[in-house]
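[1] here's a sequence, model it:
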Amino acid sequence: MKTTTQIALLWMLQMVGNAGLLALFAWWLQWPDSGKAYLAATGITAVFMLFAGLWLHCGALACFAEPTGGLGACFRKALRRLPAFLSWVLVVAALVWGLLGVRDLLPQAAVRLGQVLHLSPRLVFRAGERTLFGLQWIALPALLWPFAFAIAGRGFGGWRLRAWRCLRRGRYWLGLAVALGLGLALPYKLIHWELAPGASLAHQKWSAGLRFFAAYLLCVSCWLALGAAMRRREAQVASGN
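    The predicted structure is shown next:
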């Protein structure tokens, strides 16, 4: 198990590293797209951001997957597992892209299905939206998260189906539900929280800054808490408890 000091350092690394990558990404989006030098700089920076992001998150999971050793050793091991972790990211991206494509077809499909089933197209559309929402934000994280953790600890060997063994445990689902609620739903509510009409511009700026910081803090903390919980679930599965 990692010490409290190591966990604190890992938390700080995630806080600073992700913030730096987000700032770089926002700056990168504003670069002009004319000229060979700018295009080369844009491509190099994009590759760097992809590499740094993969290493930052794969290394964090590797720190929990490796119960012993320092943070530096875990991140060096994670460096060798980046191709496997990239394959997991590509699978997630492909599935999310596929679900987004299905959502684009949902209005037309709702009309046709409503005619066949003699139901209101609006009712069918809402049911389809809720189904896609559950697939994107509940089913996908639940089914693919164990593979991310296993890949960070074992490389391509983490793609084995035994990573799904934790799905049989109620505590896994409870922990995932809490993490999704605190790490996604609550930050979303904070970011979209509207102040009362008549608030001053200074008040709005301070409120937006504090809400974004609180949302970011929750996301990073829940991400690491989910990694720690996954470590405990794997230990319980290995011991047969």
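[2] contacts, neighbours, all on C-alpha from now
    Will do.
[3] now the terminal residues of stretch 160-178, how far apart.
    Using Cα to Cα, to the nearest Å, one end of stretch 160-178 lies 26 Å from the other.
[4] buried ones in it?
    Of all the residues in stretch 160-178, those buried under the rule 16 or more other Cα atoms under 10 Å are Ala163, Trp164, Cys166, Tyr172, Leu176.
[5] state the distance from the residue sitting furthest away from the middle of the chain to Ala109.
    In the chain, the greatest distance from the average C-alpha position (Cα atoms, centre = their mean) is reached by His118, at 39.2 Å. To Ala109, His118 is 13 Å away according to Cα to Cα.
[6] next one: Ala142
    Ala142 is 27 Å from Ala109, by Cα to Cα.
[7] so how many other residues sit close to His57?
    22 (other Cα atoms under 10 Å).
[8] helix or strand: which one has it?
    helix 36-65 (DSSP states H and E).
[9] average pLDDT across that helix?
    If you average the pLDDT over helix 36-65, you get 91.
[10] what's that helix packed up against?
    Helix 36-65 is packed against helix 4-29, helix 71-80, helix 82-117, helix 140-154, helix 201-239, with contacts defined by 3 or more Cα pairs under 8 Å, 6 or more residues apart in numbering; DSSP states H and E.
[11] could you dump those to a markdown table with distance to Leu56, mean pLDDT and mean neighbour count?
    Shown next, in a markdown table, are the helices and strands packed on helix 36-65 (distance: least, Cα to Cα, whole Å; pLDDT from 0 to 100; neighbours: other Cα atoms under 10 Å):
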| stretch | distance to Leu56 | mean pLDDT | mean neighbour count |
| --- | --- | --- | --- |
| helix 4-29 | 7 | 93 | 14 |
| helix 71-80 | 8 | 92 | 18 |
| helix 82-117 | 10 | 90 | 15 |
| helix 140-154 | 11 | 89 | 22 |
| helix 201-239 | 12 | 80 | 16 |
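[12] with distance to Ile44 added, can I get those helices in TSV?
    Converted to TSV, the helices and strands packed on helix 36-65 look like this (distance: least, Cα to Cα, whole Å):
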stretch	distance to Ile44
helix 4-29	11
helix 71-80	19
helix 82-117	18
helix 140-154	25
helix 201-239	27
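[13] what's the closest of these to Gly43?
    helix 4-29 (10.1 Å; Cα to Cα).
[14] relative to helix 71-80, how tilted is the closest one?
    Comparing the axes of helix 4-29 and helix 71-80 via axes from the mean of the first three to the mean of the last three Cα atoms, to 10 degrees yields an angle of 50 degrees.
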